[in-house]
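K.L.:
With the sequence up front, the predicted model follows.
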Amino acid sequence: MDEPPTLPQPSAVLMPHSAAAMAAVGGGPPGDRGLDPPVRSAGIAGIVGRPAGERMLAAAALRMRSCERARRRASRWFGPPGLAVGCGFPGSPDSTVAVSDGAVSERGVVHRSGGDSFWGGESDREWLLAERYREEGPALLERLGGAFALAIWEPADRRLLLARDRHGAKPLYWRQWTHGLAFCSTIAPLLAAEPSSPRPDLEAVEQALALGWVPAPRTGFAGVHKLPPGGMLEWVDGRLETGRFWWFGFEPAAADTETTGAGVETPAALDALDALESALRAALRRQLDSARRPGLWLSGGLDSSYLAALAAGISAAPLVTLTARFPGTRLDEGAAARETAQRIGSEHHELVLGVEELASRLDAAIGTNEEPWSASPSAVIAALAERTATAGCDLVLTGDGADELFSGGHQWLHLAALTALRAGVPRAGAAFLATRARSVTARNRWLAIAAPDGHLAELESARRLTRAERERLVRSRFLPAAEGGSAIAAARLPDEILRRCFGAVDRRTALDLVGRMAECLLPESEKQLVHRGLRLTTPYLDDGCVDLIRGMPGKQRLRLGRQKWLLSSLARRRLPRSAISRPKIGLRYPPALIAQLEDRLRETCLDLRLFRSDSLRRWLSKDAGPRDPRVLVTVYTVGRWWQMNFS
């Protein structure tokens with residue numbers, strides 16, 4: 001193992017007025033053109049202020065540099081030996097310095113081929129960010145779009161500005177000490193910057209067991225925080241303030257757009273569909289412009305099939321499609337995906353996943369994710385990322401966001417029935433029935449009816465473990481104080497977002513996008529791909545597409561009996577009826593893997609120090625009845641995450 005580098009005295013290097021206070025892992029300055037492979041931002045990191053000790057900073061710098069070496073990136077280092085200092089255009093010690101991860105763009109500016117029309121080429125972006133910040137200050141953030149995490153250091157005011165994109169595609173973590181602050185795209189360097197062993201955040205662990213993800217600002221590690229989507233942080237000479245530069249929400253609709261009959265749209269409806277397809281095509285042109293060998297994760301479903309049909313007609317480079325298969329199960333979408341690939345003429349790869357491979361990949365994915373996420377099939381995502389890298393792709397398109405944006409994850413009848421039941425069933429009676437329910441689905445339905453308000457009802461409908469179940473399974477010393485608040489309530493949308501929602505459909509869409517999507521699904525795919533040197537792009541979550549949806553009323557987005565009717569209407573222009581009417585399956589774990597994880601939990605009861613081994617055995621016994629697969633995956637994931645970090 002490398003020895004920590006020898007550093008000058010911190011007082012000479014790390015005061016906020018010095019450019020050496022900014023340690024970063026990010027793209028090089030202007031002039032680093034023509035490199036092979038091209039310079040690409042794969043994460044940022046930095047330290048400002050005076051750290052607690054020299055060795056602490058040395059460990060953090062070593063970890064940052066080891067990340068840079070592992071990604072085989074070409075960058076320049078400025079500053080004292082051992083420190084990765086001054087990313088972007090170096091300037092002088094008194095210059096404003098900007099570092100960014102991802103693609104920053106200006107909202108509302110039309111893309112021109114060959115580079116963004118406002119920000120220029122990628123190697124110039126950080127220099128331009130610093131220039132614009134000097135002119136506009138933090139107000140600059142309101143005009144930024146794209147998927148990004150950024151940091152701007154202004155030595156004149158001893159001010160650090162951190163920001164994360166509106167939809168949470170790029171994660172950004174931070175931790176504070178008495179005289180300074182560190183930030184990073186990943187958690188590991190922030191843990192290395194602490195002289196003691198990492199400590200768990202018990203309230204975050206409870207949230208992970210209840211939700212399958214951890215709402216910002218918590219991460220699972222005590223003292224390590226994350227920015228929410230659209231979040232910002234300002235550190236000014238030791239004073240810290242957090243907030244948001246953007247709140248998700250819908251525009252009050254001036255008029256609804258209805259159909260005149262089955263499958264017949266009004267002119268206004270056709271205009272809306274044309275505008276939506278135009279926005280998606282513009283997003284694909286912008287994202288594919290720099291791709292050398294683009295890949296697309298293709299299932300048999302509507303979201304990725306329509307995206308593939310659009311991308312095939314836009315990409316200058318041959319499109320590579322990849323499908324995860326589970327032969328012999330109802331989850332196998334191989335035939336449907338193969339049919340789409342043949343139709344668009346893509347280079348198609350099928351990844352047949354066995355139980356043993358998935359189980360081993362899940363453990364590796366838990367380590368890469370860093371946070372205790374279980375709301376998505378991490379092992380499948382990791383396997384797809386690995387195969388995509390092996391296929392030589394440099395960019396990956398996914399259909400992430402389509403379910404959430406086009407109301408595919410819920411039904412009008414379900415929302416209407418929930419509203420009616422909440423109006424007619426006493427809360428206390430529903431809470432009692434929840435304790436007698438024989439399945440997680442039934443239990444969550446009664447919990448939703450018993451919830452104090454409609455928004456919490458939507459959160460309860462997706463619950464993993466209840467507080468009583470967690471108290472039975474988790475060792476008492478690892479339970480948070482009772483006054484810590486409800487784990488479900490921690491995921492409640494801020495009032496600033498709820499005020500911009502005009503009904504149950506709006507609230508559910510906002511919850512899906514700002515909650516699980518931004519806090520787990522997108523950053524997980526990002527981490528798995530970046531870990532393998534790939535870029536993630538999500539055309540459905542492009543600013544232009546999202547803004548169009550935000551301007552539509554809920555009953556236009558979700559019609560009686562027709563989920564994702566907007567996307568279905570668009571897909572009819574390019575896909576056969578069979579591809580549009582095919583039932584949704586989605587990425588899920590096969591039953592054989594769930595059984596394997598159950599066996600592993602039985603074998604490792606004593607090793608998973610988070611849980612009471614006797615209680616876990618009783619919970620896993622055949623006498624306890626069948627267990628919901630989502631809950632079992634959550635217990636396994638959080639237990640293994642705890643074992644990796646705190647045992």
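P.N.:
That came in fine, so what should we check first?
K.L.:
Grab the nearest non-local neighbour of Leu202.
P.N.:
Distances taken as Cβ to Cβ, 6 or more residues apart in numbering place Pro480 nearest to Leu202, at 4.2 Å, with adjacent residues excluded. C-beta here means a position set from N, CA and C on the backbone, and glycine is covered the same way.
K.L.:
Tell me the secondary structure at that neighbour.
P.N.:
coil (DSSP: H, G, I helix; E, B strand; the rest coil).
K.L.:
Please apply the same query to Ala308.
P.N.:
Applying three-state DSSP: Ala308 is helix.
K.L.:
longest helix of this protein?
P.N.:
helix 267-288 (DSSP state H).
K.L.:
Who are the packing partners of that one?
P.N.:
The elements that helix 267-288 packs onto, with contact taken as 3 or more Cβ pairs under 8 Å, 6 or more residues apart in numbering; DSSP states H and E, are helix 302-312, strand 395-397, helix 543-550, helix 565-571.
K.L.:
could you pull out the helices for the stretch 251-400 of the chain?
P.N.:
267-288, 302-312, 334-344, 355-369, 378-390 (DSSP state H, counting those that start in this stretch).
K.L.:
Find me the pLDDT at the nearest residue to Ser569 once chain neighbours are set aside, would you?
P.N.:
Leaving aside its sequence neighbours, Ser569 sits nearest to Leu273 (Cβ to Cβ, 6+ apart; 5.6 Å). Model confidence at Leu273, expressed as pLDDT, equals 85.
K.L.:
Leu273 touches Ser568, doesn't it?
P.N.:
No. In this structure, Leu273 is not within contact of Ser568 by Cβ atoms under 8 Å, at 10.5 Å.
K.L.:
Can you pull out the low-pLDDT segments for the protein?
P.N.:
1-42, 50-94, 108-124, 195, 253-269, 409-414, 482-485, 560-563, 624 (pLDDT under 70).
K.L.:
Could you pull up the contacting residues of Glu386?
P.N.:
Residues near Glu386 by Cβ atoms under 8 Å, 6 or more residues apart in numbering: 361, 532.
K.L.:
do you know how far it is from Leu302?
P.N.:
Distance of Glu386 to Leu302, given as Cβ to Cβ, to the nearest Å: 26 Å.
K.L.:
now swap in Asp512 and tell me
P.N.:
17 Å.
K.L.:
Tell me which of these two has more neighbours.
P.N.:
Taking other Cβ atoms under 10 Å, Asp512 and Leu302 do not tie; Leu302 has more neighbours (25 against 22).
K.L.:
Can you tell me how far that one is from Glu603?
P.N.:
Taking Cβ to Cβ, one finds Leu302 at 40 Å from Glu603.
K.L.:
try Thr321
P.N.:
Taken as Cβ to Cβ, the span from Thr321 to Glu603 is 38 Å.
K.L.:
Of the two, give the one with the bigger neighbour count.
P.N.:
Thr321 (26 against 9).
K.L.:
got the contact list for that one?
P.N.:
295-298, 308, 337, 340-341, 344, 346-349.
K.L.:
cool, Arg143 as well?
P.N.:
106-107.
K.L.:
likewise Glu142?
P.N.:
245-246.
K.L.:
And the one 3 residues further on, by the same measure?
P.N.:
Remark: with contacts taken as Cβ under 8 Å, 6+ apart, Gly145 is in contact with 104-107, 165-166, 543.
K.L.:
out of those residues, who has the most neighbours?
P.N.:
Asp165 (29 neighbours).
K.L.:
Wait, that one touches Leu141, no?
P.N.:
No. Contact between Asp165 and Leu141 fails when scored by Cβ under 8 Å: they sit 9.9 Å apart.
K.L.:
Is there a neighbour count for the closest residue to Ala389 other than its chain neighbours? I'd like the number.
P.N.:
Closest residue to Ala389 apart from its sequence neighbours, by Cβ to Cβ, 6+ apart: Arg532 at 4.1 Å. For Arg532, the neighbour count with other Cβ under 10 Å is 18.
K.L.:
And stretch 566-586, end to end?
P.N.:
Separation of the first and last residues of stretch 566-586 by Cα to Cα, to the nearest Å is 19 Å.
K.L.:
what's the closest non-adjacent residue to Pro620?
P.N.:
Actually, residue 620 is Leu. It isn't Pro. Arg602 (5.4 Å).
K.L.:
before we move on, what about Gly212?
P.N.:
Ala375 (3.5 Å).
K.L.:
Check the burial of the one you found by counting its neighbours.
P.N.:
Quick note: Ala375 (other Cβ under 10 Å) scores 22 neighbours.
K.L.:
and Glu136, which of the helices and strands packed on helix 267-288 is closest to it?
P.N.:
When those are compared by Cβ to Cβ, helix 543-550 sits nearest Glu136, at 18.8 Å.
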